[in-house]
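1. coordinates for the following, if possible.
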Amino acid sequence: MNTFTYIFLIALVLSYSVQFWLSKRQASYVLKHRDQVPEAFTESITLEAHQKAADYTVEKGKLGDIDSVVGIIFLLLLTLGGGISLVFNFWAGFEFSPIVAGIASLASIFFLMSLFELPTTLYQTFVIEEKYGFNKSTMNQFIKDQLMQLALVAMIGLPLLALILWVMQAIGDTWWIWTWAILMSFSLLMSWLYPTVIAPLFNDFTPLEEGSLKERINQLLDRCGFSSNGIFIMDGSKRSGHGNAYFTGMGSNKRIVFFDTLAESLDDDEMEAVLAHELGHFKRKHVIKMLVASSIMSLISLGVLGWLITQEWFFTGLGVNTASNAAALLLFMLVSPVFTTFMTPISAYFQRKFEFEADDFAAEHAQASKLISGLVKLYKENASTLTPDPLFSAFHYSHPPAAIRIAHLEPKL
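-> Numbering: from 1, shown residues only. As a prediction, the model looks like this:
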């Protein structure tokens, strides 16, 4: 143990203390308002639906707290408990090159991490989601999804990891700049490939049928100057009862996707308004802004890692006695979230700001009243609480709370 060990432990305690405190505030606030529907929703949300959303929110929060405790234990076992050193020493005993040994070590630890997360994922899916009527997945489907995700990570992630480790070994002190360029290029490539190559491995995407809805959507796209590679209905209902809509892809591979559950619950006017909101993100350049911000943060993070990798105390302070490029990457990925907890509200603030701007755009190109009614249906059918704790939502909500969002739209009616 050295000075950095104590800094890490203090940051860990502060970070998770704040998270547990916020979670407790959220549960208390939601339960306090459980027995009364907010005035703005009394005509659209029943007390039963409001209470269901409150109970669902609290149960998910409790599971999240348990998951955090498990995460803390696993993090300490890997670092100060010597887990990383144990795994790296095991693979170092074989006659592998440093890159192959590093890949094997990282793959082993990532696999262990996925096993640690599996119980809470199972409980979330087959207990909480089942209890509230959202789970549509079977155990066979769940296992198939997990195995397919694992296979994709191996097929895509391991070659990328090998390339990064090679760059770190071969390039010299500027490796972090080249690594940043590789990661940004990879991110753009995946964004372009996702709609047509990766997503169809998990879901079926059916082109929207000809009819009044498709005609209205095409007219909306023309008015907004947006071109896409098609409008699709995704069979989200084979796993979940939650509804959503989103844009995906880049360039000629852009797609508009509606969950089938959403298409069944909203009328044509509401679908048009929800799509106009999503178009607002595109027209207000939110995707580009988030990409630029992410690129800058990635570059800064890799620059910090480029310095830390030369500091012996970084390794020894986190329980790793033999420094290596692979160990540095792993330690940075594991530990950096502990030190960036208090940056979360900044990111959440800008995301909520973007949501308001997208709502404003939707109100200009569709009916604000239909966006409001569509949003209310989404809150109801997804069991999203209408009364989140203000401080918790400031930290964790990427979308404004329901009451604030609708109050923002009402002057535009």
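
2. packing partners of the lowest-mean-pLDDT helix or strand in the chain?
-> Across the helices and strands of the chain, the lowest-confidence element by mean pLDDT, DSSP states H and E is strand 245-248, at a mean of 80. Strand 245-248 is packed against strand 255-259, helix 268-283, with contacts defined by 3 or more CB pairs under 8 Å, 6 or more residues apart in numbering; DSSP states H and E. For glycine as for every other residue, the C-beta is placed from the backbone atoms N, C-alpha and C.

3. which parts of the stretch 101-250 of the chain are helices?
-> Here the stretch 101-250 of the chain has its helices, by DSSP state H, counting those that start in this stretch, at 129-131, 139-152, 158-170, 175-193, 212-224.

4. which one of these lies closest to Met343?
-> In terms of CB to CB, the element of the helices of the stretch 101-250 of the chain nearest to Met343 is helix 175-193, at 18.9 Å.

5. can you give me the strands for this protein?
-> Assigned by DSSP state E, the strands in the chain fall at 205-207, 231-234, 245-248, 255-259.

6. for Phe186, which of these is the nearest?
-> Using CB to CB, those put strand 245-248 closest to Phe186, at 16.9 Å.

7. quick one: buried residues of the helix ranked longest in the chain?
-> Using DSSP state H, we find that the single longest helix of the chain is helix 47-78. Neighbour-count burial for helix 47-78 flags 49-50, 52-61, 63-65, 67-68, 71, 74-75, 77-78 (criterion: 16 or more other CB atoms under 10 Å).

8. how far away is the residue lying closest to Phe354 once chain neighbours are set aside from Ser298?
-> Leaving aside its sequence neighbours, Phe354 sits nearest to His286 (CB to CB, 6 or more residues apart in numbering; 4.4 Å). Going from His286 to Ser298 by CB to CB, to the nearest Å gives 18 Å.

9. do the same with Asn321
-> Distance of Asn321 to Ser298, given as CB to CB: 29 Å.

10. can you check Gly230 too?
-> Taking CB to CB, one finds Gly230 at 31 Å from Ser298.

11. which of the two has more residues huddled nearby?
-> Ser298 (16 against 13; other CB atoms under 10 Å).

12. look up how far Pro345 lies from the more buried one.
-> According to CB to CB, Ser298 and Pro345 sit 20 Å apart.

13. per-residue pLDDT, Pro388?
-> Reading off the confidence values, Pro388 has pLDDT 96.

14. one more: Glu278?
-> As predicted, Glu278 sits at a pLDDT of 88.

15. wait, it touches Ala245, no?
-> Yes: if you go by CB atoms under 8 Å, Glu278 and Ala245 touch, sitting 6.1 Å apart.

16. need the overlap of contacts for the two.
-> Here Glu278 and Ala245 share the contacting residues Ile256, scored by CB atoms under 8 Å, 6 or more residues apart in numbering.

17. residue most distant from the centroid, this protein?
-> Distance to the chain centre peaks in the chain at Glu95, reaching 38.6 Å (criterion: CA atoms, centre = their mean).

18. residue contacts, the closest residue to Tyr56 other than its chain neighbours?
-> Spatial nearest neighbour of Tyr56, chain neighbours left out: Ala383 (4.3 Å); criterion: CB to CB, 6+ apart. When contacts are counted by CB under 8 Å, 6+ apart, Ala383 is found next to Ala49, Lys52, Ala53, Tyr56, Thr57, Tyr132, Phe134.

19. next one: Lys52
-> Here Lys52 is in contact with Tyr132, Ala383 (CB under 8 Å, 6+ apart).

20. same thing with Arg255?
-> Counting by CB under 8 Å, 6+ apart, Arg255 makes contact with Pro195, Phe205, Ser228, Asn229, Gly230, Ile231, Phe232, Phe247, Thr248, Gly249.

21. compute the distance between it and Asn140, please.
-> Taking CB to CB, one finds Arg255 at 28 Å from Asn140.

22. what's the neighbour count on Met113?
-> Neighbourhood size, Met113 [other CB under 10 Å]: 15.

23. what does the model give the spatially closest residue to it that is not a sequence neighbour for pLDDT?
-> If the residues on either side of it in the chain are set aside, Met113 comes closest to Phe74, at 7.0 Å by CB to CB, 6+ apart. Looking at Phe74, its pLDDT is 94.

24. could you measure from Phe74 over to Leu161?
-> Going from Phe74 to Leu161 by CB to CB gives 21 Å.

25. ok, now Trp176?
-> 15 Å.

26. who has more neighbours out of those two?
-> Taking neighbours as other CB under 10 Å, Trp176 and Leu161 compare with Trp176 leading, 21 against 18.

27. go ahead and confirm the more buried one touches Gly303.
-> Yes: applying CB under 8 Å as the test, Trp176 and Gly303 come out as touching, 5.7 Å apart.

28. specify the beta-bridge partners of the nearest residue to Thr125 once chain neighbours are set aside.
-> Leaving aside its sequence neighbours, Thr125 sits nearest to Asn135 (CB to CB, 6+ apart; 5.7 Å). With DSSP bridges applied, Asn135 shows beta-bridge pairing to Ser240.

29. shouldn't Asn135 be in contact with Ser240?
-> Yes: assessed by CB under 8 Å, Asn135 is found in contact with Ser240 at 6.7 Å.

30. quick one on the thing from earlier: worst average pLDDT in the helices and strands packed on strand 245-248?
-> strand 255-259 (a mean of 86).

31. just the C-alphas of that strand, formatted as CSV.
-> Taking Å, rounded to 0.1, in the frame of the first residue of the first chain, the C-alpha atoms of strand 255-259 are listed here in CSV:
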residue,chain,number,x,y,z
ARG,A,255,-32.5,4.0,-39.8
ILE,A,256,-35.7,5.0,-37.9
VAL,A,257,-36.8,2.3,-35.5
PHE,A,258,-40.0,1.9,-33.6
PHE,A,259,-40.5,-0.8,-31.0
